[in-house]
Structures are given as structure tokens and as C-alpha cells.
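Q: Structural data only, the sequence is not supplied:
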């Protein structure tokens, strides 16, 4: 499937091809509010971090689910750090 994601390294949106499977994705089904991390996906040396709500997923280079210990709170911290670095 194709997803429109925010790529901080290019400073904008891009369309990427991604296959979401049980092998490369961790889902967090207990999201309660917009901004909660809903899903993290390993993607060719990058980590795709998706929030619950209408925000675009964020593509983080040189990261993985294991880097954030498969934890949505650590993924959220990495997402914030990455976006802050590329402001």
C-alpha cells in the first residue's frame, strides 16, 4: 500500500510504499486521544511512527522498533526529538 508520510529530512510530505505485517509492525490498540502512538513500523532501516488521529505518520531514519524497545512512549519521545531537530 502507499502512504503519505512526513519526512523530516526533506521537510515535507512524500508517498512511500509500505507493507504493514505482524513481522514489521507493532500496533497499540488502547489509544484514547489524538496524538497517542497507534503503530510503529520497521521500514528498510527507518521507523515509521503513526499517531492516532489525523496526523501524517513520521518517518525516522536510522531507527527501529527495537531501538525504542517496542514502546509507544519511547517512540513518541523519538518522534518529538526528530521533529525538533528538523525544525
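A: Received it, and whenever you're ready, just let me know what you need. Everything quoted here is computed from the prediction, not taken from an experiment. Numbers count the residues shown, from 1 in each chain.
Q: name the element residue 49 belongs to?
A: Here residue 49 sits within strand 46-51, counting by DSSP states H and E.
Q: following that strand, which helix or strand shows up next?
A: Sequence-wise, the next helix or strand downstream of strand 46-51 (DSSP H and E) is strand 58-61.
Q: which secondary structure elements does that following strand contact?
A: strand 2-7, strand 46-51, helix 72-85 (3 or more CB pairs under 8 Å, 6 or more residues apart in numbering; DSSP states H and E). Just so you know, the C-beta spots here come from the backbone N, C-alpha and C atoms, and that holds for glycine as well.
Q: Deepest-packed of these, please.
A: Greatest average neighbour count among the helices and strands packed on strand 58-61 goes to strand 46-51 (a mean of 23), per mean count of other CB atoms under 10 Å.
Q: Provide the strand pairings for that strand, with the direction of each partner.
A: strand 37-43 (antiparallel), strand 58-61 (antiparallel) (DSSP bridges).
Q: Could I get the average pLDDT for the strand holding residue 49?
A: Averaging pLDDT along strand 46-51 gives 97.
Q: okay, the angle between it and helix 72-85?
A: 100 degrees (axes from the mean of the first three to the mean of the last three CA atoms, to 10 degrees).
Q: Find out how far strand 46-51 is from the centre of the chain, if you would.
A: With CA atoms, centre = their mean, to the nearest Å as the basis, strand 46-51 stands 1 Å off its chain's centre.
Q: With stretch 21-40 instead?
A: 9 Å.
Q: hang on, the earlier thing: angle of the strand holding residue 49 against strand 2-7?
A: Calculated by the same axes, to 10 degrees, strand 46-51 forms an angle of 100 degrees with strand 2-7.
Q: List the contacts of strand 46-51.
A: Residues from elsewhere that reach strand 46-51 (CB atoms under 8 Å, 6 or more residues apart in numbering): 3, 5, 18, 34-42, 57-65, 67-68, 75-76, 78-79.
Q: Enumerate every residue touching the nearest residue to residue 83 once chain neighbours are set aside.
A: Counting by CB to CB, 6 or more residues apart in numbering, residue 8 is the residue found nearest to residue 83 once chain neighbours are left out, at 5.9 Å. Contact analysis of residue 8 by CB under 8 Å, 6+ apart lists 58-60, 82-83, 85-86.
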